[in-house]
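*Asks:* Following is a predicted model, sequence given first.
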Protein chains: 2
Amino acid sequence: MQLSTDQVSRYQRDGFLVVENLFSAAEVADLCAAFDADARVPGPQRVLEDDSDRVRAIYASHHRQREFADLVRTPRLLGPVHALLSDQVYVYQLKINAKPAFGGDKWGWHQDFLAWQLADLLPAPRLVNVAVLLDDSTEFNGPLIVVPGSHTLGELREHRSDQHRSEQHLDPDDISLRPDQLAGVVAERGLHSVKARAGSVVFFHPEIVHGSAPNMSPYPRRLLIVTYNDTRNLPMTPNPRPDYLVGRDTTPLRPTDVVTGVSR
Amino acid sequence: MQLSTDQVSRYQRDGFLVVENLFSAAEVADLCAAFDADARVPGPQRVLEDDSDRVRAIYASHHRQREFADLVRTPRLLGPVHALLSDQVYVYQLKINAKPAFGGDKWGWHQDFLAWQLADLLPAPRLVNVAVLLDDSTEFNGPLIVVPGSHTLGELREHRSDQHRSEQHLDPDDISLRPDQLAGVVAERGLHSVKARAGSVVFFHPEIVHGSAPNMSPYPRRLLIVTYNDTRNLPMTPNPRPDYLVGRDTTPLRPTDVVTGVSR
């Protein structure tokens, strides 16, 4: 798939771009079934709820499930990513968040790139996030909320001198913005929540300010996020995080339009 | 103020009714100034944030601030309350919630009347809640969310045999609904969030299922709720909660349209 010039311009201006219904209901059902299969695979890549054995998140499902290996190579994602970032990209991280009914803490306001600088010594914000909605996203189930255009402001939060690299998952408190750091930006640029049908895709910039509220609905809400990195922007840390958190295979991805139903 | 027949019918059908812009911006500013004054009065009626000296909630401001004493008697509130409930009502409870920026936990799904049965041995759901928006309510700052029509379903949550009456504030866990108790109702009736300008008023039934998410915006969000009870529906408990939580003066309120700017 190719983005229009207007779509590329909007991404550059706003820091995000929604493409509705990029995957069909049948394709979404296939991805959800693959998620269910992956949820049965024990290991550190699978994060459970604190108080139950429900799965809250899974990392690197493309290492284990063919559907996701195909997904990260489909021209429907790689075409836009090539246009928005670079034609030399690899999967830096893939995760699926299953925000449970009535739960999932709110995820404070932050900019992703700060996290990756701290954790991985990533040189530059030369990445793009691709969020694939596996459930309808509504105002009630903790949608992604962004500050449009905030990716142009650079880092809003100062580095703390006592900040250390996390070995594993990042502590949101290490990267969260304070209200006073956000108030002026929001007064000027407002907030926008992404509400769209399952199968829609959101491309968003690694420096856009974003967050999400808890899921107030009685149904779970699954969101897949693939983060593509430019192959000329590799992490510099001598002690990389585990490969389910930060991809080791930095070979540039080539679009593949065969294989399963998802890859066309 | 008189509600139309249509407005009364909608309240009876939906369990809530929004009347927009019932108070002017100047009146709202007066109420906010009175809230600020009341926030400086120490005492158990004032609830602070856990981690700061910011005020999270104040009870019974109409006992101390003339603006709120006038507000609970204004025909603009009492007229509708007389039409929706009874012409013999008094203030059962008045509270102002200041949901802080980036905070205020989500308030789980519940029906108010269960709480008042447990805490006060209140005989029947013969009350009406009147929420006065002191700030604009948006999808981002933790608006009231209701399940339309759910007030007709009776109590969705079973009483637990180990439930005890709280001496003070109620524990949300004692009255919160579980996802399985709500899933079918929401599938059938959906969810509705109240988004309206400051000065708007929401009338809602004591048995409507409602909740709210945290405030994701960088600004506080103040909401005043007056709960009127029918004077023939007094609490039966021999050990009443403090009078800032449950009103002792059960004299029927008469509309007063003089006094301050708010009482017309």
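*Replies:* Good, I have the coordinates.
*Asks:* Get me the contact residues on the stretch 101-250 of chain A for chain B.
*Replies:* Counting by C-beta under 8 Å from any C-beta of the partner chain, the residues of the stretch 101-250 of chain A close to chain B are A:101-102, A:106, A:108-109, A:139-140, A:142, A:145, A:178-180, A:182-183, A:186, A:191, A:193, A:211-214, A:216-219. The C-beta positions use only the backbone N, C-alpha and C, and glycine is treated the same way.
*Asks:* In helices, which of those residues appear?
*Replies:* Of the positions in those, A:179, A:180, A:182, A:183, A:186 sit in helices, assigned by DSSP state H.
*Asks:* how near is the first one to residue A:139?
*Replies:* Distance of residue A:179 to residue A:139, given as C-beta to C-beta, to the nearest Å: 21 Å.
*Asks:* Of the residues of the stretch 101-250 of chain A next to chain B, just the buried ones, ChimeraX syntax please.
*Replies:* In ChimeraX, a selection of the buried entries from these looks like this (16 or more other C-beta atoms under 10 Å in any protein chain shown):
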select /A:101,102,106,108,109,139,140,142,145,179,182,186,191,193,211,212,213,214,216,217,218,219
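*Asks:* pLDDT below threshold where in the stretch 151-264 of chain A?
*Replies:* Applying pLDDT under 70 to the predicted model, the residue ranges of the stretch 151-264 of chain A that meet it are A:159-173, A:257-264.
*Asks:* that older thread, okay, and which of the residues of the stretch 101-250 of chain A next to chain B map to strands?
*Replies:* Secondary structure of those is defined by DSSP state E; positions in strands are A:108, A:109, A:145, A:193, A:211, A:212.
*Asks:* ok, which pair from these is furthest apart?
*Replies:* When C-beta to C-beta is used, the two most widely separated members of these are A:108 and A:193, lying 15.5 Å apart.
*Asks:* In the sheet, which residues pair with residue A:131? Tell me.
*Replies:* residue A:202, residue A:225 (DSSP bridges).
*Asks:* longest helix anywhere in chain A?
*Replies:* Looking across chain A with DSSP H, the single longest helix is helix A:25-38.
*Asks:* OK, contacts around the residue in the stretch 1-150 of chain A that chain B sits nearest to?
*Replies:* Nearest residue of the stretch 1-150 of chain A to chain B: residue A:101, at 4.1 Å (C-beta to the nearest C-beta). When contacts are counted by C-beta atoms under 8 Å, 6 or more residues apart in numbering or on different chains, residue A:101 is found next to A:215, A:217, A:218, A:219, A:220, B:179, B:183.
*Asks:* can you pull out the strands in chain A?
*Replies:* Remark: strands of chain A, listed N- to C-terminal, are A:16-19, A:46-48, A:55-59, A:89-99, A:107-110, A:127-133, A:144-146, A:192-193, A:201-204, A:210-212, A:221-230; assignment by DSSP E.
*Asks:* As a markdown table, these with distance to residue B:202 would be great.
*Replies:* What follows is these, written out as a markdown table (distance: least, C-beta to C-beta, whole Å):
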| stretch | distance to residue B:202 |
| --- | --- |
| strand A:16-19 | 31 |
| strand A:46-48 | 38 |
| strand A:55-59 | 34 |
| strand A:89-99 | 27 |
| strand A:107-110 | 28 |
| strand A:127-133 | 31 |
| strand A:144-146 | 23 |
| strand A:192-193 | 22 |
| strand A:201-204 | 32 |
| strand A:210-212 | 25 |
| strand A:221-230 | 26 |
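*Asks:* Let me know which of the ones you listed is the nearest to residue B:16.
*Replies:* Nearest to residue B:16 among these is strand A:192-193; the distance by C-beta to C-beta comes to 22.7 Å.
*Asks:* Check which helices and strands that closest one is in contact with.
*Replies:* For strand A:192-193, the contact count by 3 or more C-beta pairs under 8 Å, 6 or more residues apart in numbering or on different chains; DSSP states H and E identifies strand A:144-146 as packing neighbours.
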